[in-house]
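*Asks:* just need the structure, nothing else, for what follows:
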Amino acid sequence: MRYAMGFVLVMMSLAGGVAHAEPCEAPHIQAHLARVEAELTSADTSHLTPTQRASRAHHVEVLRGYREACVFPHNTVAPGRITPVFVDERGVHCAVGYLMARDGRGDLVEKVRTSRNTARIQDLTGDPEIDAWLRDAGLSWFEAARIQPEYDFIECQRKRVDCLCAGVDGETAPVSAVGVGEVTSSQPPRLRVDAVYGDTAVAPGDVVSIDSSYVDDVGNRAIVLLDRDPARRIANLEVTGTSVSCTYRETRSVVPVDVYVDALRAEDCRTSLRAFDPNLGVGVCDALPTDGASGCGGSAVPSGAAFALLALLVLVRRRRRSAG
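*Replies:* I've put the predicted structure just below:
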């Protein structure tokens with residue numbers, strides 16, 4: 001009888017009746033969190049105490065519920081940038097903030113919100129309260145950084161220029177000096193420069209302060225903007241001796257280091273990358289659907305069979321939660 005009623009409600013929704021199922025507002029973030037859950041579940045936890053392992057399992061379950069609810073923060077504070085938002089103006093928490101809040105650590109959430117609301121988790125390393133919370137939760141700083149998504153500016157403007165996976169925006173480029181090197185320290189964040197491009201007093205072999213790093217990152221290569229103090233590290237990139245790569249929305253882009261550095265120093269980063277490969281240098285909003293699921297357009301309204309299936313899944317989910 002209940003399933004029959006569910007079918008009736010789905011049909012009513014298709015006909016404009018009372019039942020209405022809202023689609024996930026950011027399926028790409030939901031997909032990211034699903035991948036992170038799988039990583040957390042399959043990771044080796046033999047170094048943790050039994051109490052930490054139990055706490056970790058609990059947090060993975062809480063994260064799953066957060067993902068399934070699919071209500072995420074809106075970035076209304078950083079035009080033209082993809083950035084973390086710990087708590088948005090509606091009071092919606094990011095994934096890490098949600099885990100903290102569910103642990104009764106609203107004080108810690110408020111501390112981050114009021115002081116570093118758009119900080120990446122790795123930028124908060126060294127905070128003893130966050131370090132203690134992560135330790136009790138059975139999570140590492142690296143895992144917390146993986147949990148924390150970044151959010152598109154909710155009022156995306158097409159004029160925005162993002163250079164290879166949103167590493168650099170139009171307001172940042174052109175860059176007068178770029179360094180490539182190896183992260184040598186996370187406390188404080190430092191990088192040993194191996195190669196220098198542009199006009200700067202920094203020379204190969206110098207160690208410079210950078211704006212972010214975390215323990216698991218020491219030994220990795222990175223690209224930094226040397227015309228900042230501290231040098232700004234470009235996020236979302238994997239750097240080897242010869243190439244720069246990143247993955248955005250399941251699409252992987254790879255370019256030679258010198259091509260990427262030339263693009264950073266060019267007047268128009270996107271045009272420079274497109275000269276190398278027409279598929280590169282696409283603005284983040286340009287690469288997203290305009291149906292609103294990304295926060296870059298109107299509202300997403302599914303139709304036909306897709307709407308019926310979505311509505312049915314929502315009803316089944318609600319019944320399962322009620323039964324549980």
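
*Asks:* low-scoring stretches of the stretch 101-250 of the chain, by residue?
*Replies:* Residue ranges of the stretch 101-250 of the chain with pLDDT under 70: 150-173, 214-215, 235-236, 247-250.

*Asks:* and the strands in it?
*Replies:* 177-186, 189-198, 207-209, 221-225, 232-233, 238-239, 243-248 (DSSP state E, counting those that start in this stretch).

*Asks:* looking at those strands, which is closest to residue 98?
*Replies:* Closest of the strands of the stretch 101-250 of the chain to residue 98 is strand 243-248, at 23.7 Å (criterion: CB to CB). (C-beta placed from N, C-alpha, C; glycine too.)

*Asks:* who are the packing partners of the helix or strand that comes right after that closest one?
*Replies:* Counting by DSSP states H and E, the next helix or strand C-terminal to strand 243-248 is strand 251-256. If you count contacts as 3 or more CB pairs under 8 Å, 6 or more residues apart in numbering; DSSP states H and E, strand 251-256 packs onto strand 243-248.

*Asks:* can you pull the domain assignment for the chain?
*Replies:* Following automatic domain parsing, one gets these domains for the chain: 2-21+302-323, 27-147, 177-275.

*Asks:* can you redo the ones you listed as a markdown table with mean neighbour count?
*Replies:* Below are these laid out as a markdown table (neighbours: other CB atoms under 10 Å):
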| stretch | mean neighbour count |
| --- | --- |
| domain 2-21+302-323 | 13 |
| domain 27-147 | 17 |
| domain 177-275 | 17 |
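
*Asks:* mind listing the helices for the stretch 51-200 of the chain?
*Replies:* Taking DSSP state H, counting those that start in this stretch as the criterion, the stretch 51-200 of the chain contains helices spanning 95-102, 106-116, 128-137, 141-147.

*Asks:* and those as a markdown table, adding distance to residue 58?
*Replies:* Formatted as a markdown table, these follow (distance: least, CB to CB, whole Å):
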| stretch | distance to residue 58 |
| --- | --- |
| helix 95-102 | 9 |
| helix 106-116 | 17 |
| helix 128-137 | 8 |
| helix 141-147 | 14 |
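
*Asks:* which one, of the ones you listed, ends up nearest to residue 33?
*Replies:* helix 95-102 (6.3 Å).

*Asks:* contacts for that closest one, please.
*Replies:* With contacts defined as CB atoms under 8 Å, 6 or more residues apart in numbering, helix 95-102 is touched by 33, 59, 62-63, 66-67, 86-87, 93, 106, 108-109, 112-113, 121, 133, 137, 144, 147-149.

*Asks:* CA-only coordinates of it in CSV, if you can.
*Replies:* Coordinates of each C-alpha in helix 95-102 appear next as CSV, following Å, rounded to 0.1, in the frame of the first residue of the first chain:
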residue,chain,number,x,y,z
ALA,A,95,31.5,19.1,5.5
VAL,A,96,34.3,19.6,8.2
GLY,A,97,32.3,22.2,10.0
TYR,A,98,29.3,19.9,10.0
LEU,A,99,31.3,17.1,11.6
MET,A,100,32.6,19.5,14.3
ALA,A,101,29.1,20.8,15.0
ARG,A,102,27.7,17.3,15.3
